[in-house]
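K.L.:
Predicted structure and sequence below. I'll ask about it afterward.
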Amino acid sequence: MIEDEGEGRPSLRVVTGGTARPRAGLEDEAAVAAFLVGDDEAFGELVRRHQGLVIAIVRRYARTAEDARDLAQRTFLRAFEAARRTLRRGGGAVPFKSWLVRIAVNLAKNHLRDESRFARAPLEAIEAEHASAPDGPERLERAERQRRVRQEVLRLPRRQREVLTLRVDAELPFADIALALGITENAAKVSFHHAVTRLRAGIEEDPS
Amino acid sequence: MTPTCQELAPLLSLRAAGALDGEEAARVESHLATCAGCRAEAEQAEAALDLARLPPFGPAERRAAGELPERALAAFRRADARRGRMRRALAGFAVAAAAALALLAPALLRKPVHAPAAEQASLTWQSPDPDTLWSETDVLALDGSSDATDSSTLSTESTAVATADGF
């Protein structure tokens, strides 16, 4: 249930099927509809609800924290635009979370391509923020192995990379991953296995 | 590696990601209890994912995420305003185009009137005088004083000169 407590704005009260805890999909759809008739609080609520997921998807591809935030922002704007078009056309489902995942994956893919073109390295923000003075050769070696494996993730074939990061970074169930990528759950699991196999092969080839 | 081991290999990757449950999980655990090779495989898969995993959000990322709802809403409103301006501009252009068409329509639709005979005569081809043409054009001038001549003019005049000379 969403209520607009702001003054001077159109108010909307959405009752979703009379259940105490409606399904998340319906909540999202109701919140999108509320925002599109003027409830700015609904926009903020939706962004807060899903920003962790979206940033988790895009941060691997971003150079800085601001870079990740901007990618996340573009993801939300496109999802709201898509929702508005759908609702204006007279309805249809608005699987907002699934759209967010798909849009974030696509923007991340384009961002990775653009960053590669300009020879800029993603992951810089994460590595810089978590870098600390190495307190032993073991930690130093582990940090180096992490860096190499994370780079290897970015070099995986697109589908494998998408499935792997949606599982590892966004912690999505394979059913949701399959839905967002438009593939079967089994295909998602097979891609994931191939990705893990490649990463393991890379580690085994690594002389260090 | 036995056929069972090969069959279970994809499940070991899923197990490393914490994506196994129920009957599948029980089957894999039962096999791992008796197969050292698969236990090693499972450990390697876990190690690979552990290395690939990103650290939790740091302070800068949390700060940037905290700004997201407000910034995204402002950006959405800006984009809306931009689209509104664009729509109004297009509407204005359409109205202006329609008005211009309404004014010009009678002239455009009017039946063409035959030109007088003298005017018709002036429209027929008359061979140019090569000498006059030569002197009137500066296409071959070498002093660079004809910098106002553009390439299309040059091309047309060159053709005319060549034709007049009988080439």
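P.N.:
Arrived safely.
K.L.:
And the pLDDT at B:V161?
P.N.:
On pLDDT, B:V161 comes in at 41.
K.L.:
The helix or strand where B:P106 lies and chain A, any residue contact?
P.N.:
Element membership of B:P106, judged by DSSP states H and E, is helix B:59-109. Yes. Using C-beta under 8 Å from any C-beta of the partner chain, helix B:59-109 reaches chain A at B:59-61, B:63-65, B:67-73, B:75-76, B:79. From N, CA and C alone the C-beta is placed, and that goes for glycine too.
K.L.:
Can you list the low-confidence ranges for chain B?
P.N.:
Counting by pLDDT under 70, chain B has low-confidence residues at B:1, B:3, B:111-125, B:128-167.
K.L.:
90 instead, please
P.N.:
Applying pLDDT under 90 to chain B picks out residues B:1-4, B:6, B:21, B:79-167.
K.L.:
and what of chain A?
P.N.:
A:1-30, A:33-34, A:36-40, A:63-64, A:85-94, A:112-143, A:202-208.
K.L.:
show me where it has helices.
P.N.:
All helices of chain A, identified by DSSP state H, fall at A:24-36, A:40-58, A:65-88, A:96-117, A:124-130, A:137-155, A:158-168, A:174-181, A:185-205.
K.L.:
which stretch among those comes nearest B:A19?
P.N.:
helix A:174-181 (6.1 Å; C-beta to C-beta).
K.L.:
in terms of contact count, name the helices or strands touching the closest one.
P.N.:
Counting contacts by 3 or more C-beta pairs under 8 Å, 6 or more residues apart in numbering or on different chains; DSSP states H and E, helix A:174-181 packs against helix A:96-117, helix A:158-168, helix A:185-205.
K.L.:
Any idea which of those gets closest to A:E141?
P.N.:
Comparing the helices and strands packed on helix A:174-181 under C-beta to C-beta, the one sitting nearest is helix A:185-205, at 12.4 Å.
K.L.:
Can you tell me which helices and strands that closest one packs against?
P.N.:
Using 3+ C-beta pairs under 8 Å, 6+ apart, helix A:185-205 sits against helix A:137-155, helix A:158-168, helix A:174-181, helix B:3-16, helix B:36-52.
K.L.:
Redo these as a markdown table? Include distance to B:A107 and mean neighbour count.
P.N.:
Output for those, formatted as a markdown table (distance: least, C-beta to C-beta, whole Å; neighbours: other C-beta atoms under 10 Å in any protein chain shown):
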| stretch | distance to B:A107 | mean neighbour count |
| --- | --- | --- |
| helix A:137-155 | 64 | 15 |
| helix A:158-168 | 59 | 23 |
| helix A:174-181 | 59 | 20 |
| helix B:3-16 | 76 | 17 |
| helix B:36-52 | 73 | 17 |
